[in-house]
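Trainee: Next come a sequence and a model predicted from it.
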Amino acid sequence: MRHPTFATLPPLIGHRGAAACAPENTLAGFRRARALNCRWVEFDVRLTSDRQPILLHDDRLQRTTDGRGKASALSLASIRRHSAGAWFDPSYKEERVPTLEEALRLLAELRLGANIELKAVRGREAETGAVVAERLVQLCPSNLPELLISSFRPVALAAARARAPDIARGILFRAVPTNWRAIAEEAGCATIHVDHQRLYAALADRIRAAGYPLLAYTVNDRERARTLFAWGVSSVFSDDPRRLEGATAPDRLLLPGLAS
Ligand code: G3P
Ligand code: MG
């Protein structure tokens, strides 16, 4: 087993691969992100009915595949019958919903770092965090890319921490609550991830002053990215890396306590 380590965050992280440029959360999306010079990608992971971690944003299949129904109620085999790319463009019709294992293998091949976001239906948050973390520990290729687990659900992060304490965690917020720091500390988080539309300079200052790298989603506008970087944001998640070309990037930032 090889524990992941990392020392830096890139200024730009491809969101769901590169969601504006290729079907989201697919292997083709990772290749596209790499071709667009992303060093990291973000993607969403959830469990099938047979507890297999797959890459899928929504609870249901219908928006991003040609199937229907809740992923948590369907087996991996039944989900894999569907195209995960035809909805985006016919040229992607052979794409399938990737397994976590397939994703890790390709990330290693492409030398892409990853932010793995834990998604879970209500009641399966801890199970999802535990299963995904166990798989990450088991499956890590020897040329493991940098990894950061994140979630809106602290209980999922706590379960991941119990199974894979050495993989860094980040807490996701939409509106940042006043007790954000207590939540981050409770789950042992290294990074804070926020909706850029709810971020403002004073809040960014407070988070940065507390020593946390701050990541902002989902930013598809160059001027907005510039503003966020000027506020001290470490990384922005973008569906379309092409649109952010030329935004001033911060120096590479050390993640406190995680470099090795
Ligand atoms: O991880 C950042 C972002 O992906 C969180 O929101 O809904 O796009 O998964 P969502
Ligand atoms: Mg996500």
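Mentor: Yep, that arrived. Numbering: from 1, shown residues only. Ligands and ions are numbered 1, 2, ... in the order given.

Trainee: how about the strands in the stretch 101-250 of the chain?
Mentor: Taking DSSP state E, counting those that start in this stretch as the test, the strands found in the stretch 101-250 of the chain are 113-118, 147-151, 168-173, 191-195, 214-217, 235-238.

Trainee: Compare those and give me the one nearest residue 129.
Mentor: With C-beta to C-beta as the criterion, residue 129 lies closest to strand 113-118 of these, at 5.5 Å. Every C-beta, even on glycine, is put in place using the N, C-alpha and C of the backbone.

Trainee: how many other residues sit next to residue 204?
Mentor: For residue 204, the count of nearby residues is 22 (other C-beta atoms under 10 Å).

Trainee: oh, and call the first residue 25 from now on, that's how I've got it
Mentor: New numbering, starting at 25: the last item is residue 228.

Trainee: pLDDT score assigned to it?
Mentor: Looking at residue 228, its pLDDT is 97.

Trainee: show me the contacts for it.
Mentor: 238, 252, 255-257 (C-beta atoms under 8 Å, 6 or more residues apart in numbering).

Trainee: Could you check which residue of the stretch 125-274 of the chain lies nearest ligand 1?
Mentor: residue 241 (3.7 Å; C-beta to the nearest ligand atom).

Trainee: Residue 257 is in contact with that residue, correct?
Mentor: No. The criterion here is C-beta atoms under 8 Å, and residue 241 misses it with residue 257 at 10.5 Å.

Trainee: Mutual contacts of the two, please.
Mentor: residue 220.

Trainee: Quick one: neighbours of residue 208, just the number.
Mentor: Neighbours of residue 208 (other C-beta under 10 Å): 22.

Trainee: Skipping adjacent residues, who's closest to it in space?
Mentor: residue 195 (5.0 Å; C-beta to C-beta, 6 or more residues apart in numbering).

Trainee: re earlier: out of the contacts of residue 228, which are inside helices?
Mentor: residue 252 (DSSP state H).

Trainee: Which neighbouring elements make contact with the lengthiest helix in the chain?
Mentor: Determined from DSSP H, the single longest helix within the chain is helix 149-163. In terms of contacts (3 or more C-beta pairs under 8 Å, 6 or more residues apart in numbering; DSSP states H and E), helix 149-163 is packed against strand 64-71, strand 77-79, helix 124-134, strand 137-142, strand 171-175, helix 178-187.

Trainee: As a markdown table, the ones you listed with mean pLDDT would be great.
Mentor: Shown next, in a markdown table, are the helices and strands packed on helix 149-163 (pLDDT from 0 to 100):
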| stretch | mean pLDDT |
| --- | --- |
| strand 64-71 | 98 |
| strand 77-79 | 98 |
| helix 124-134 | 96 |
| strand 137-142 | 96 |
| strand 171-175 | 96 |
| helix 178-187 | 98 |
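
Trainee: could these go into a markdown table alongside mean neighbour count and distance to ligand 1?
Mentor: As requested, the helices and strands packed on helix 149-163 are exported to a markdown table (neighbours: other C-beta atoms under 10 Å; distance: least, C-beta to the nearest ligand atom, whole Å):
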| stretch | mean neighbour count | distance to ligand 1 |
| --- | --- | --- |
| strand 64-71 | 25 | 5 |
| strand 77-79 | 25 | 11 |
| helix 124-134 | 18 | 15 |
| strand 137-142 | 25 | 5 |
| strand 171-175 | 26 | 6 |
| helix 178-187 | 21 | 13 |
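
Trainee: To residue 47, which of the ones you listed lies closest?
Mentor: Among the helices and strands packed on helix 149-163, if distance is taken as C-beta to C-beta, the winner is strand 77-79, at 10.6 Å.

Trainee: looking at the sheet around the residue of the stretch 125-274 of the chain closest to ligand 1, what are its partners?
Mentor: residue 219 (DSSP bridges).

Trainee: What residues does it make contact with?
Mentor: 39, 66, 217-220, 260-261.

Trainee: From those, list the buried ones, please.
Mentor: 39, 66, 217-218, 220, 260-261 (16 or more other C-beta atoms under 10 Å).

Trainee: Cool, thanks, talk later.
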